[in-house]
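**Student:** Fold the following for me, if possible:
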Amino acid sequence: MKRRAIRYRRYVHSKWAKTKVLLSDPAIGRHIPPTKKLTAATLEEMLHQHKMVYVKPSIGAFGNGVIRVEWRPNTPQPYRYQRGLKKRQFDSFGEMSRSLLKLTSVRSYLIQQGIHLLTYRKKRFDIRVMVQKNTKGNWETTGIIGRVGDPRKVVTNVHNGGTLVPVEKLMEHYLPASRKSSFLQELRTLGVKVGQTLTNRYPGLKEIGIDVAVDNQVLPWILEVNTAPDPYIFRKLPDKRVFRKVYAYWKRHRPKRILKPLPKRYGLGIAKIRRRK
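**Tutor:** Okay, the predicted model is just below:
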């Protein structure tokens, strides 16, 4: 019974569980940076191979607890990490490793190859792809928006100081106008494929938010998948039709608890606020 409940649950919190499912599909796996469970051995191996890695809680949200770790050979104190606004530098890997592993000892963490993000006005950005089951029960990519990070921090999440910008604007310096449409279609197709693959293991899922990094070759990389994505970030898009669809699907799948009031200017009226007794 427990296994059946896990299979049909509405949300999947473990980043490692979701990553393993996605890696089972080679077409998706090539878009996922090398990811492992954090140990002293995987930290040493991946840091010295990639020179930059991200360490993040297996269960967490809003970018909280994410740490960027770097190795800069031939520089004073070549080992360093940053968590939030706090930065530390070390002379040796052993010294840095002991400090980092102590910091992450209270819960399970993953380590992932760092992707050097593209920038907008000298600030790093990534992309949130919203994918939801539509009225026919099929996965549909309903919204795509860029998240520009606070330059002082290592994550782009809005809850950590990030700002929302249309993807078309972010990519205008990296893609000719003729390529923008195909790039966005690639993200939409990838989003649907991720939804389909995850529901092979977790049929109870109704919507996902995919965090996508884009490297300097304009290749998309899936950083992680959120099964309880925030629909309200899409209010920032100029095209209000996007938010109306995202919100309508979100409301359709939302457990009947508290619904946040929605201003009438979005064309959907005010959601009733009720708690089921």
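
**Student:** how about the strands in the stretch 151-277 of the chain?
**Tutor:** 163-165, 207-214, 220-226 (DSSP state E, counting those that start in this stretch).

**Student:** Is it possible to get CSV of those that adds mean neighbour count and mean pLDDT?
**Tutor:** Glycine gets a C-beta too; all of them are placed from N, C-alpha and C. As requested, the strands of the stretch 151-277 of the chain are exported to CSV (neighbours: other Cβ atoms under 10 Å; pLDDT from 0 to 100):
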stretch, mean neighbour count, mean pLDDT
strand 163-165, 16, 95
strand 207-214, 22, 97
strand 220-226, 21, 97
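
**Student:** Can you convert the ones you listed into JSON lines and add a column each for distance to Met130?
**Tutor:** Shown next, in JSON lines, are the strands of the stretch 151-277 of the chain (distance: least, Cβ to Cβ, whole Å):
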{"stretch": "strand 163-165", "distance to Met130": "12"}
{"stretch": "strand 207-214", "distance to Met130": "6"}
{"stretch": "strand 220-226", "distance to Met130": "10"}
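
**Student:** right, so of the ones you listed, which gets closest to Arg128?
**Tutor:** The minimum distance between Arg128 and these falls on strand 207-214, with 5.6 Å, by Cβ to Cβ.

**Student:** what's the angle from the closest one to strand 220-226?
**Tutor:** Here strand 207-214 runs at an angle of 150 degrees relative to strand 220-226 (axes from the mean of the first three to the mean of the last three Cα atoms, to 10 degrees).

**Student:** which outside residues touch strand 207-214?
**Tutor:** For strand 207-214, the external contacting residues (Cβ atoms under 8 Å, 6 or more residues apart in numbering) are 33, 115, 117-118, 126-133, 171, 174, 187, 190-191, 194-195, 198, 220-227, 229-230, 249-250, 253.

**Student:** go with 6 Å
**Tutor:** The contact list for strand 207-214 (Cβ atoms under 6 Å, 6 or more residues apart in numbering) reads 115, 117-118, 126-132, 191, 194-195, 220-221, 223-227, 229.

**Student:** those helices in the stretch 101-250 of the chain, which residues are they?
**Tutor:** With helices called from DSSP state H, counting those that start in this stretch, the stretch 101-250 of the chain shows them at 167-170, 177-201, 240-253.

**Student:** And Phe243, how close does it get to Ile144?
**Tutor:** 12 Å (Cβ to Cβ, to the nearest Å).

**Student:** Phi first, then psi, for His116.
**Tutor:** phi -80, psi 110 (degrees, to the nearest 10).

**Student:** Now do the nearest residue to Gly161 once chain neighbours are set aside: how many residues are near it, please.
**Tutor:** Take Gly161 and drop its neighbours on the chain: the residue closest to it by Cβ to Cβ, 6 or more residues apart in numbering is Asp150, 3.4 Å away. A count of neighbours around Asp150, defined by other Cβ atoms under 10 Å, yields 16.

**Student:** for Phe62, same thing?
**Tutor:** 14.

**Student:** Please verify my assumption that it contacts Asn157.
**Tutor:** Yes. The criterion here is Cβ atoms under 6 Å, and Phe62 meets it with Asn157 at 5.2 Å.
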